[in-house]
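# All I have is the shape, not the residue letters:
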């Protein structure tokens, strides 16, 4: 049983209440707590030593990553982050200076985005460090961008470059909060997700939530330099395109807009964010298949994204 | 370095923002998100296999405990819980039926208190299960009860009976949400905390936050049957009074009210909650010492509560 099968079983019958606008299954939950004109976003995420970072990773980057993952989910809903609480699970022989450096990395990122860290819990996890962050944000009522909502004919866009995040980016990425809010403020985004499990896997989440298919253009997928260099120097590595499609932890934004918005959006983006690549990578189609078009034609894409654990 | 020393170092310089009413250091953080007349409560807590529960513990009770601990913190602020997100860290060879039972226990408790479970994250923690829960609640603006606020002369009360929780209660306790809201609705509570680290330890948190001392009456401390039976059957066990003062995980409420409210409160409590003991256990004093008065007189209390980890 893999992560997604387990989640499907656990989320079949969860308790809900009248304040829930969007429950489990999107990047964040959306709550109506009675704020005038705004909804609350609520999200949790965790990183584990030896799974999401190596024991030798610089501690500031571990703290940065722990918070940045949650911030990326708030970005994916076009929201504004507000405050966070942190569960810190540590072996009993922890090094206090290392933990302070973890927090220094987390705090620096929080300050850049106006996020308050308002509480925490420390527990013993004897074998390894684990950091779970829960984040609150807000979003203008009715302006939240979900995974559901992509329509046949829409253009699909992705920010940045994909693949090879494991070579460094996964510990250093800056969540696309400003970019997402600018996009949602200027264009009618039909659907959005942040790329944590890889383009192929996360696009499938959008397609399933929206009840549609898609056709990707192989030549349009933005492949990172890291993915290319890794493929060149390791004969057993994935080809660069496969890395861009399936490597996890890109933490870029994938979104769908009406095709008529595609060109104006690209032009306005270049003026607003000249340093960050934005690529139109394909289109949304009727039906439920995910196709990849290359020089040989359009064929079903068999590659999947990263699953966090699998059980035989 | 123990838990409290680490927390003191980490919370010296945390990022904050204009929405934070109460930051780290109380049972919950209190946030002003702009709700009309209400503040938001935000809390996280975690349980770890082999630390907070044994591997053989009934899975429903593990899930119950994971959520109940957070609910108890919302009770301690006299708040109303709203929704939760859950980080579930699991070894790769987990038993899906056991995890579903964990959720069944958590869901049943959530339903009883109107709490929605709106999201989660599953990660690998190779050696043991860990569950971190983050909870949102609300409280009437200005009606939140903090740890700070106890005044010399106040009467100190505790609900229920203390000690010996490890024999079973720690997996089964019902958070005192209704009791706390009734108390805050009918009396001016000066300070409140839920007992997670033991009466002596948690009372010290209230005294430090309030800048006061206290005198406890040994004969008035309500000792649980479990603590008495454990002491009788184990020659190496703590005496029952020491267990009631220092055992962790009672999850009862400890609060301070003006002495003139003590008798009316006890009378009204007996009418409202006839099945749940309420004990006046002593009084708040000027100064900073914690005294225990027994037949030999009043002496400084040297016993401390439970610290979650210590480092040589």
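Cool, the structure landed. A quick note: this is a predicted structure, and the numbers were derived from the prediction, not measured.
# From chain B, how far out is residue A:247?
18 Å (Cβ to the nearest Cβ, to the nearest Å). For every residue, glycine as well, the C-beta is placed using N, CA and C.
# Check what pLDDT that residue gets.
Residue-level confidence at residue A:247 comes out at 93, pLDDT.
# and residue A:145, what does it touch?
The contact partners of residue A:145, taken as Cβ atoms under 8 Å, 6 or more residues apart in numbering or on different chains, are A:76-78, A:180, A:184, A:189, A:191-192, A:255.
# Tell me the most packed of those, by neighbour count.
In terms of neighbours by other Cβ atoms under 10 Å in any protein chain shown, the contacts of residue A:145 top out with residue A:76 at 31 neighbours.
# how about that one, what does it touch?
Here residue A:76 is in contact with A:27-28, A:145, A:180, A:192-194, A:253 (Cβ under 8 Å, 6+ apart).
# Just send those back as CSV, with pLDDT and secondary structure too.
Shown next, in CSV, are the contacts of residue A:76 (pLDDT from 0 to 100; DSSP: H, G, I helix; E, B strand; the rest coil):
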residue, pLDDT, secondary structure
A:27, 96, coil
A:28, 98, coil
A:145, 97, coil
A:180, 98, helix
A:192, 98, strand
A:193, 98, strand
A:194, 98, strand
A:253, 98, strand
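# Those: which two are farthest apart?
Greatest spatial distance among these (Cβ to Cβ): A:28 and A:253, at 14.0 Å.
# Secondary structure element holding residue A:73?
Assigned by DSSP states H and E, residue A:73 falls within helix A:59-76.
# Endpoint to endpoint, stretch A:83-103 covers what distance?
15 Å (Cα to Cα, to the nearest Å).
# near chain B at all, it?
Yes: against chain B, stretch A:83-103 shows contacts by Cβ under 8 Å from any Cβ of the partner chain at A:83, A:85-90, A:92-94, A:96, A:99-100, A:103.
# where exactly do the strands run in the stretch 151-300 of chain A?
A:155-159, A:189-194, A:213-217, A:253-257, A:278-285, A:290-294, A:297-300 (DSSP state E, counting those that start in this stretch).
# between the fifth one and strand A:189-194, how many degrees?
Right, the one you point to is strand A:278-285. 120 degrees (axes from the mean of the first three to the mean of the last three Cα atoms, to 10 degrees).
# May I see the domains of chain A written out as residue ranges?
A:3-140, A:155-300 (automatic domain parsing).
# now, of these, which is deepest in the fold?
Greatest average neighbour count among those goes to domain A:3-140 (a mean of 21), per mean count of other Cβ atoms under 10 Å in any protein chain shown.
# need the strands of the stretch 151-300 of chain A in CSV with distance to residue B:206, can you?
Converted to CSV, the strands of the stretch 151-300 of chain A look like this (distance: least, Cβ to Cβ, whole Å):
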stretch, distance to residue B:206
strand A:155-159, 49
strand A:189-194, 42
strand A:213-217, 58
strand A:253-257, 46
strand A:278-285, 54
strand A:290-294, 58
strand A:297-300, 63
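# between the ones you listed, which one is nearest to residue A:19?
strand A:189-194 (23.1 Å).
# ok so, going back, most widely separated two among the contacts of residue A:145?
Going by Cβ to Cβ, the pair spanning the contacts of residue A:145 furthest: A:180 and A:191, at 12.5 Å.
# pLDDT weak spots in the stretch 101-250 of chain A?
When the per-residue scores of the stretch 101-250 of chain A are filtered using pLDDT under 70, no range remains.
# Nearest to residue A:20 among the strands of the stretch 151-300 of chain A would be which one?
That would be strand A:189-194 among the strands of the stretch 151-300 of chain A, by Cβ to Cβ, at 19.9 Å.
# if we can go back for a sec, so which of the contacts of residue A:145 comes closest to chain B?
Closest approach to chain B among the contacts of residue A:145 (Cβ to the nearest Cβ): residue A:77, at 11.7 Å.
# Now do the closest residue to residue A:281 other than its chain neighbours against chain B, distance only.
Nearest in space to residue A:281, with sequence neighbours left out and distances taken as Cβ to Cβ, 6 or more residues apart in numbering or on different chains, is residue A:220 at 4.8 Å. To chain B, residue A:220 is 31 Å away according to Cβ to the nearest Cβ.
# can you give me the helices for the stretch 201-312 of chain A?
Along the stretch 201-312 of chain A, counting by DSSP state H, counting those that start in this stretch, helices occupy A:225-233, A:240-246, A:262-272.
# Widest-spaced pair of the residues of stretch A:83-103 next to chain B?
A:83 and A:93 (31.1 Å).
# got a list of what the closest residue in space to residue A:10 that isn't next to it in sequence touches?
Sequence neighbours aside, residue B:103 is the residue nearest to residue A:10 in space, at 5.2 Å (criterion: Cβ to Cβ, 6+ apart). With contacts defined as Cβ under 8 Å, 6+ apart, residue B:103 is in contact with A:10, A:14, B:63.
# let's see it at 10 Å
Shown in contact with residue B:103 (Cβ atoms under 10 Å, 6 or more residues apart in numbering or on different chains): A:9-14, B:59-60, B:63, B:66, B:86, B:88, B:110, B:117, B:120, B:131.
# Could you do residue A:149 as well?
A:188-192, A:206, A:209-210, A:212, A:255-256.
# Surely residue A:270 touches residue A:278?
Yes: counting by Cβ atoms under 10 Å, residue A:270 touches residue A:278, with 7.7 Å between them.
# Spell out which residues are contacts of both of the two.
Common neighbours of residue A:270 and residue A:278 are not found (criterion: Cβ under 10 Å, 6+ apart).
# what are the bridge partners for residue A:157, then?
residue A:255, residue A:280 (DSSP bridges).
# is it true that it touches residue A:258?
No: using Cβ under 10 Å, residue A:157 makes no contact with residue A:258, being 11.8 Å away.
# Need the overlap of contacts for those two.
In contact with both residue A:157 and residue A:258: A:187, A:189, A:265, using Cβ under 10 Å, 6+ apart.
# Let's have the residues you listed in JSON lines, adding distance to residue B:44.
As requested, the shared contacts of residue A:157 and residue A:258 are arranged in JSON lines below (distance: Cβ to Cβ, whole Å):
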{"residue": "A:187", "distance to residue B:44": "35"}
{"residue": "A:189", "distance to residue B:44": "31"}
{"residue": "A:265", "distance to residue B:44": "38"}
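# No more questions from me, cheers.
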